[in-house]
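Participant: Predicted model follows, preceded by the sequence.
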Amino acid sequence: MPHEKIKNHNQISDNDNKPSAGAPNSKVKFEIFGEEMLEKRVKASGNSGRVYLPPNWVGHKVKIIRTD
């Protein structure tokens, strides 16, 4: 419908809670719809980090969210 207003999910409205600028430990809320969820700890791997996932996840799209 041409007159419908669509909210861009990347924009924060005036009513949303905004973290203070420069607050390094501020939390944000994510709402995600998916098929499965795993909780794992990232292990060191050279100069990077690594998380192993089940082999049946290979080829699927995943999203990683740091929770702490």
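Facilitator: That came through, no problem.
Participant: what residue ranges in this protein are flagged as low confidence?
Facilitator: Of all residues in the chain, those with pLDDT under 70 make up the ranges 1-24.
Participant: Swap in 90 and give it another go.
Facilitator: 1-27, 67-68 (pLDDT under 90).
Participant: residue boundaries of the helices in it?
Facilitator: Listed in chain order, the helices found in the chain under DSSP state H amount to none.
Participant: Strands along that one, start to end?
Facilitator: Assignment of strands within the chain using DSSP state E yields the ranges 43-45, 48-50.
Participant: So which residues lie in contact with the last one, not counting its own?
Facilitator: By that I understand strand 48-50. Residues lying outside strand 48-50 but in contact with it, judged by C-beta atoms under 8 Å, 6 or more residues apart in numbering, are 42-44. (Each C-beta comes from the backbone N, C-alpha and C, glycine too.)
Participant: For those, which single residue is the most surrounded?
Facilitator: The most neighbours of any of the contacts of strand 48-50, using other C-beta atoms under 10 Å, belong to Val42, which has 11 neighbours.
Participant: Check whether that one really touches Tyr52, as I assumed.
Facilitator: No. With contact defined as C-beta atoms under 8 Å, Val42 does not count as touching Tyr52 (10.1 Å).
Participant: Cool, thanks, talk later.
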